[in-house]
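Participant: got a predicted model here, sequence first, then my questions.
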Amino acid sequence: KAGVTQTPRYLIKTRGQQVTLSCSPISGHRSVSWYQQTPGQGLQFLFEYFSETQRNKGNFPGRFSGRQFSNSRSEMNVSTLELGDSALYLCASSLGQGASGNTIYFGEGSWLTVV
Amino acid sequence: SQQGEEDPQALSIQEGENATMNCSYKTSINNLQWYRQNSGRGLVHLILIRSNEREKHSGRLRVTLDTSKKSSSLLITASRAADTASYFCAPAQRVQGAQKLVFGQGTRLTINP
């Protein structure tokens, strides 16, 4: 059974541009969460989608957005990129919503560098 | 604020020795999950321990949970060079009505051959 798949793995963008990252959860999983990991802030929760609806949101500006499709695949978008957005973006999936009793599996991440 | 706080921040031991990493958290939890991360890679799920469990094993891994002390520990026995990685604990905390994982800065474990 395939794990959580994220694309692209690496990308470089220029300040002011926007970026879209994609995530395919484990087959049968309906929840997808996104995290940002930086050396300074560590792993920070961005948002969670379940059944195409955002269920939970972290403390990030509105430039960070996401969506989930009917097949549970998810995308996150960052608009008007800033240098500080350079990070490893991790997608995670689980069977049910939230972390209550659910094992949460992570993908390999997408490395974003903003120059 | 970060929920899971790992201790120590860095640990360096010889191959074959045991490695113990500790985690403390602040509020009541539903469960606590441990992860491993190799440099530049994603998180690998190791063990989920529920709040009503005290100990779980998986191969060379042993996790304990003490809810009265709000702490957990991860023990890796007979360490190998391949165990070199960062280890994170992630308590599942209820925030705004939803359970979510909140990560600490992790413990960077180095196994010396």
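Facilitator: Structure's in. What do you need? Numbering: from 1, shown residues only, chains lettered A, B, ... in the order given.

Participant: leaving out sequence neighbours, find the closest residue to the residue positioned nearest the centre of chain A.
Facilitator: Centroid-nearest residue in chain A: A:Trp34, 3.0 Å away (criterion: Cα atoms, centre = their mean). Distances taken as Cβ to Cβ, 6 or more residues apart in numbering or on different chains put A:Leu46 closest to A:Trp34, at 4.1 Å, once the chain neighbours are dropped. (Each C-beta comes from the backbone N, C-alpha and C, glycine too.)

Participant: before we move on, what SS does the one you found have?
Facilitator: Here A:Leu46 is recorded as strand under DSSP: H, G, I helix; E, B strand; the rest coil.

Participant: what about it, neighbour count?
Facilitator: Counted with other Cβ atoms under 10 Å in any protein chain shown, the neighbours of A:Leu46 add up to 21.

Participant: so where's the chain shaky on pLDDT?
Facilitator: I'll assume chain A. A:1 (pLDDT under 70).

Participant: should've been chain B
Facilitator: Using pLDDT under 70, the flagged stretches of chain B are B:1-4.

Participant: near chain A, which residues of it are found?
Facilitator: The interface of chain B toward chain A, taken as Cβ under 8 Å from any Cβ of the partner chain, is made up of B:2, B:30-31, B:33, B:35, B:40-45, B:48, B:50, B:88, B:90, B:92-93, B:95-96, B:98-106.

Participant: just the ones of those in strands?
Facilitator: B:31, B:33, B:35, B:43-45, B:48, B:50, B:88, B:90, B:92-93, B:95, B:98-101 (DSSP state E).

Participant: now the buried members of those residues.
Facilitator: Buried members of these, scored by 16 or more other Cβ atoms under 10 Å in any protein chain shown, are B:31, B:33, B:35, B:43-44, B:48, B:88, B:90, B:92-93, B:95, B:98-101.

Participant: re the thing from before, these two touch, right, the residue nearest to the centre of chain A and A:Tyr89?
Facilitator: Yes - between A:Trp34 and A:Tyr89 there is a contact at 6.6 Å, judged by Cβ atoms under 8 Å.

Participant: who touches both of the two?
Facilitator: Common neighbours of A:Trp34 and A:Tyr89, using Cβ atoms under 8 Å, 6 or more residues apart in numbering or on different chains, are A:46, A:76.

Participant: who's in contact with stretch B:34-54?
Facilitator: In contact with stretch B:34-54 (Cβ under 8 Å, 6+ apart) are residues A:4, A:6, A:88, A:90, A:92, A:101, A:103-109, A:111, B:23, B:28-33, B:55-56, B:58, B:61, B:63-67, B:72, B:74, B:84-90, B:106.

Participant: can you select the buried ones among these for me in ChimeraX?
Facilitator: One line in ChimeraX is enough to select the buried ones among these; burial here means 16+ other Cβ under 10 Å:
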select /A:4,6,88,90,92,104,105,106,107,108,109,111 /B:23,29,30,31,32,33,56,61,63,64,65,72,74,84,85,86,87,88,89,90,106
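
Participant: and stretch A:14-26, what's buried?
Facilitator: A:19, A:21, A:23-26.

Participant: give the contact list for the closest residue to A:Asp85 other than its chain neighbours.
Facilitator: Of all residues not flanking A:Asp85 in the chain, A:Val114 sits nearest, at 5.2 Å (Cβ to Cβ, 6+ apart). Each residue near A:Val114 by Cβ under 8 Å, 6+ apart is listed here: A:12-15, A:81-86.
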